[in-house]
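Here's my sequence, what's the structure:
(2 chains)
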Amino acid sequence: MRITAITPMTCDSGVGGRDWLFVKVETDEGITGWGEGYDWQASPSLAEAIRVVGRDYIGQDPRRIDLLTRRQWQNGRAGVPERMKVMAAIELALYDIKGKWLGVPVYELIGGLYRERVPLYWSHFATYRVLDAEALGVERVLDMDGWLALVDDVEAAGFRALKTNLLIPGLLSGLPPTLDGAIDRYRIEAAVDFVGALRERCGPGMGILFDIGQEYRMGAIVQLAKALEPFDLYWLEAEGFDPDALLAARQQTRTRLCHGEALIGAQAFRPFLERHVTDVVMIETLNNGLSEARRIADLAAHYDTMFSPHNYMSPLSTLINAHLCAVLPNCEILEIDMDDVPWKGDLIDQPIVIEAGELVVPDRPGWGADVVESVVAAHPLRAG
Amino acid sequence: MRITAIEPFVCDGGLREFGFVKVSTDAGITGWAETYDWHTSASLATALTVMGRRLVGEDPRRIELFNERTWYGGRPGVPERMKVIAAIDMALHDIKAQWLGVPVYELLGGKFRDRIPLYWSHFATYRAVWPEKLGVEPQSTYQEWAEGARDVVAQGYTVLKTNLIQEAGPGMRATLPTYRDGAIDRRTLDEAVNWIGTLRDVVGPGIGIAVDVQFDYRMGGVVQLARALEPFDLYWLEVESFDPDALLAARTQTRTRLCHGESLIRREQFRPFFQKHVTDIVMLETLANGITETRRIAEMAELYDVMVSPHNWMSPLGTMINAQVCAALPNVEILEIDMDDVPWKMDLLTHPFEIQDGQLIVSDRPGWGTAINEDVIAAHPLPASRLA
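As a prediction, this is how the structure comes out:
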């Protein structure tokens, strides 16, 4: 079997900053595989890189997955994370091809089915209702009571955990970043008000995750984590590239921390895992590829650490992560955006099945669905 | 698909015991694996029989689930339990690959290489010490043994590994140094220099010479031996230790490349060696770790810029298993092989492996690419002295 074409396709997801990027890999045996790339706001450049680097894959046997990835890594001057994103997006499509070639789900290729269902948390709770209501086709919600009322949807769907962000009533910008990575009294109080109200509404049984991305540095993380201690967070998600800084923060608070979505390659995770900075890490499968995501998760397991894939992108990403989570014992929970643009599910030709807040692992060959190109084409990236 | 039976076998390999395990399924697919134990394969076989009963009725494709459940259910930290898990894990890989109709390497990331460089192991050792088991004429001097390397090199091998065999006088079989206290003495050092020097003179500078002294010497003995052999530019000096700091201290006192690892089981044991970068290459005993854990150890090694080389001392099935591992994993440097061996060794396989120019050709047949001839096992039972 030989690769005949590699085609990247960008798509406007409707949610600000979140471009979707699909990669189609075709073969001379008629098997087509789908991968997905991940970039924040700059998907056209990643698509261009996939197009150029993809030429090297033409004529190669798509089943020799690790060989093709490694060759690119060495050709591409190892150490450049951007190159890893290119290889990862293509590699995911190779796994899809191999699963389809053998007529089995991808999970059979990496260790077999460990679990049939993957627990989910409802991500960006209320967040898109503030930031992207038009794209979602819903009424914008800017007040605390309105946000608390949204918990009904989460409960009705059987979810036992939700993740949200720093929302401030009346503020259309929703997530006001600071310029310097420090935090101020105003934001801390807003966080306490919002999370406190959520905890009161949800009761003790609902996991509440709070994501502050990369906006705050060590001192701010400590202050916010301490302030939120009374609400017993499931985790506070904070990114840092300095493992000692994050370790210092964790040692100063009883709030559980989580990080990792910005890290690429097991080498980047190693100092965090060796120091046991957190007991759970996020893994961005789309940036690492399946082989490397598995290696990172394996390394995490070795250090008594759980993992949870970052699953912020398209429904194909959800399927890809479902296979990773289906196999590896130390998978704790998977992110999912339930509140999203109404046409999201149309992007793939098989439905994602969710029952009682759990994802049912698909048992069809490959990822279990193909991308519907017409839907991608109907949502081109906007200029600017 | 369901597991219907798990049956262990033991076999007198002449130079060591062979242990096998057969896993049968209701789909008619049978998976084979080889077990690894030194002198007590019968007890490992018993453990497989007892543990195997728990697996009857399970889906053999759920390999990760089996591993995790058995390890944590089996009170982790017991290396003996890992040997049981490893054997079954390998057989399950054989089953799964046969079920899919592909070689096992397709389950490990795909084929990275088509041929695996080999080194000729126990060069001269078996001939010198147990000529009758090999059915060869006894020889008794360093020069005679070293001359045998010409034939090895002519077959295309570029690396050979030997041991500290000692001359015992005309007409007498050679001996291996007797383990006493972990220290090394002047006589052993002198004979090592004499033997390796003679061998280097015969093969010239282009052939790698590895020397294996296993657990025989502790830190001080390793340092003295490694220094004494520096003039001969060893491919590696193979020593075993459970203390990474001791081995690191030895390595920093010599220019001789060190290798170790065949006795270690699971990443927990390898990790401190990797973190300290004790050696730039480790031996992996695939048969004691299984495919899943061996892959993880090799991947951890790679994270620390360390190469791997499987320990491949057992039956030809072990070679077929290691071939699949080496075919898939990038950081494999070279694979061990015993070409000087009991004459019936290859009869164990229904589909023997192929070697060309000192390289193992990776089998493209499903699973390991071979099954086991049970009648050959039956023809070589363990003597009663090795059984309970």
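
need the contact list for residue 66.
Picking chain A for this. Contact analysis of A:Asp66 by C-beta atoms under 8 Å, 6 or more residues apart in numbering or on different chains lists A:Ser291, B:Gly109, B:Gly110, B:Phe112, B:Ala328, B:Pro330. C-beta: built from backbone N, CA, C; applies to glycine.

wrong chain, I was asking about chain B
Counting by C-beta under 8 Å, 6+ apart, B:Phe66 makes contact with B:Leu55, B:Glu58, B:Pro60, B:Ile85, B:Ile88, B:Asp89, B:Leu92.

Secondary structure element holding the third one?
What it means is B:Pro60. For B:Pro60, there is no host helix or strand (DSSP states H and E).

Run a quick neighbour tally on it.
Residues lying near B:Pro60 (other C-beta atoms under 10 Å in any protein chain shown) number 27.

Tell me if I'm right that it and B:Asp26 touch.
No. Here B:Pro60 lies out of contact with B:Asp26, judged by C-beta atoms under 8 Å, at a distance of 10.0 Å.

quick one, phi psi at the residue lying closest to B:Arg115 once chain neighbours are set aside?
Leaving out its chain neighbours, the residue that sits closest to B:Arg115 by C-beta to C-beta, 6 or more residues apart in numbering or on different chains is B:Gln359, at 4.1 Å. The phi and psi torsions at B:Gln359 (degrees, to the nearest 10) take the values phi -130, psi 140.

residues contacting B:Gln359?
B:Arg115, B:Ile116, B:Pro117, B:Leu118, B:Gly156.

Same question for B:Thr4.
Neighbouring residues of B:Thr4 by C-beta under 8 Å, 6+ apart: B:Ser24, B:Thr25, B:Asp26, B:Val56.

Then B:Ile321?
B:Ala33, B:Glu34, B:Met90, B:Val104, B:Thr286, B:Leu287, B:Ile291, B:Trp368.

just the strands in the stretch 1-150 of chain A please.
With DSSP state E, counting those that start in this stretch applied, the stretch 1-150 of chain A shows strands at A:3-12, A:19-27, A:32-37, A:117-122, listed in chain order.

Just send the ones you listed back as TSV, with mean neighbour count and distance to chain B too.
TSV is the format used below for those (neighbours: other C-beta atoms under 10 Å in any protein chain shown; distance: least, C-beta to the nearest C-beta, whole Å):
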stretch	mean neighbour count	distance to chain B
strand A:3-12	19	13
strand A:19-27	24	14
strand A:32-37	25	13
strand A:117-122	23	14
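
Tabulate those strands (a markdown table), appending mean pLDDT.
Conversion of the strands of the stretch 1-150 of chain A to a markdown table gives the following (pLDDT from 0 to 100):
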| stretch | mean pLDDT |
| --- | --- |
| strand A:3-12 | 97 |
| strand A:19-27 | 97 |
| strand A:32-37 | 98 |
| strand A:117-122 | 98 |
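
Tell me which of the ones you listed lies nearest to A:His276.
strand A:117-122 (23.1 Å; C-beta to C-beta).

who's in contact with the closest one?
Strand A:117-122 is contacted from outside by A:154, A:157, A:159-163, A:207, A:209, A:234, A:322, A:325-326, A:331-336, A:338-339, A:354-355, A:357-361, using C-beta under 8 Å, 6+ apart.

Low-confidence stretches in the chain?
Defaulting to chain A. A:76-80, A:173-177, A:384 (pLDDT under 70).

try again with chain B
Along chain B, segments meeting pLDDT under 70 span B:74-78.

how about the residue in the stretch 101-250 of chain B that chain A sits nearest to, what does it touch?
Among the residues of the stretch 101-250 of chain B, B:Gly109 lies closest to chain A, at 3.5 Å counting by C-beta to the nearest C-beta. Counting by C-beta under 8 Å, 6+ apart, B:Gly109 touches A:Ile65, A:Asp66, A:Leu67, A:Ser291, B:Ala328, B:Leu329.

Using JSON lines, lay out these together with distance to A:Asp298.
Formatted as JSON lines, the contacts of B:Gly109 follow (distance: C-beta to C-beta, whole Å):
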{"residue": "A:Ile65", "distance to A:Asp298": "17"}
{"residue": "A:Asp66", "distance to A:Asp298": "14"}
{"residue": "A:Leu67", "distance to A:Asp298": "20"}
{"residue": "A:Ser291", "distance to A:Asp298": "11"}
{"residue": "B:Ala328", "distance to A:Asp298": "15"}
{"residue": "B:Leu329", "distance to A:Asp298": "14"}
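
What subset of these is buried?
Neighbour-count burial within the contacts of B:Gly109 applies to A:Ile65, A:Asp66, A:Leu67, A:Ser291, B:Ala328, B:Leu329; the criterion is 16 or more other C-beta atoms under 10 Å in any protein chain shown.

Wait, B:Glu43 touches B:Asp37, no?
I think there's a mix-up here, since residue B:43 is Ser and not Glu. Yes. With contacts defined as C-beta under 8 Å, B:Ser43 counts as touching B:Asp37 at a distance of 7.5 Å.

list residues touching both of those two?
By C-beta under 8 Å, 6+ apart, no residue touches both B:Ser43 and B:Asp37.

Show me which of the two is the more surrounded one.
Neighbour count, other C-beta under 10 Å: between B:Ser43 and B:Asp37, B:Asp37 has more, with 22 against 15.

Strands of the stretch 201-350 of chain B, residue ranges please.
Under DSSP E, counting those that start in this stretch, the stretch 201-350 of chain B gives strands at B:208-214, B:236-239, B:258-259, B:281-284, B:307-310, B:335-337.

would a markdown table of these with mean neighbour count be doable?
Output for the strands of the stretch 201-350 of chain B, formatted as a markdown table (neighbours: other C-beta atoms under 10 Å in any protein chain shown):
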| stretch | mean neighbour count |
| --- | --- |
| strand B:208-214 | 20 |
| strand B:236-239 | 25 |
| strand B:258-259 | 22 |
| strand B:281-284 | 24 |
| strand B:307-310 | 24 |
| strand B:335-337 | 23 |
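
buried set for stretch A:230-242?
The neighbour-count criterion (16+ other C-beta under 10 Å) identifies A:Phe231, A:Leu233, A:Tyr234, A:Trp235, A:Leu236, A:Glu237, A:Ala238, A:Glu239, A:Gly240 as the buried residues of stretch A:230-242.

so where do the helices sit in the chain?
Assuming you mean chain A. For chain A, helices defined by DSSP state H occupy the ranges A:43-54, A:65-75, A:81-102, A:127-131, A:133-136, A:144-149, A:151-156, A:185-202, A:218-227, A:243-251, A:266-274, A:285-302, A:315-327, A:373-377.

Let me rephrase: I mean chain B.
B:41-53, B:63-73, B:79-100, B:125-129, B:131-134, B:142-147, B:149-154, B:186-203, B:219-228, B:244-251, B:267-275, B:286-303, B:316-328, B:374-378.

Most tightly packed of these?
Most buried of the helices of chain B, by mean neighbour count (mean count of other C-beta atoms under 10 Å in any protein chain shown): helix B:316-328, with a mean of 26.

Which positions in the stretch 101-250 of chain A make contact with chain B?
Remark: the part of the stretch 101-250 of chain A in contact with chain B comprises A:Leu102, A:Val104, A:Glu108, A:Leu109, A:Ile110, A:Gly111, A:Gly112, A:Leu113, A:Tyr114, using C-beta under 8 Å from any C-beta of the partner chain.

circling back: which one of the buried residues of stretch A:230-242 is nearest chain B?
Set against chain B, the nearest of these by C-beta to the nearest C-beta is A:Gly240 (20.8 Å).

what are the phi and psi angles of that closest one?
The phi and psi values for A:Gly240, taken as degrees, to the nearest 10, are phi -150, psi 150.

residues contacting the closest residue to it other than its chain neighbours?
Closest residue to A:Gly240 apart from its sequence neighbours, by C-beta to C-beta, 6+ apart: A:Leu246 at 4.4 Å. Neighbour list for A:Leu246: A:Met218, A:Ile221, A:Ala238, A:Gly240, A:Leu257, A:His259, A:Phe272, A:Val277, A:Thr278 [criterion: C-beta under 8 Å, 6+ apart].

Pull out the buried residues from these.
Among the contacts of A:Leu246, those buried by neighbour count (16+ other C-beta under 10 Å) are A:Met218, A:Ile221, A:Ala238, A:Gly240, A:Leu257, A:His259, A:Phe272, A:Val277, A:Thr278.
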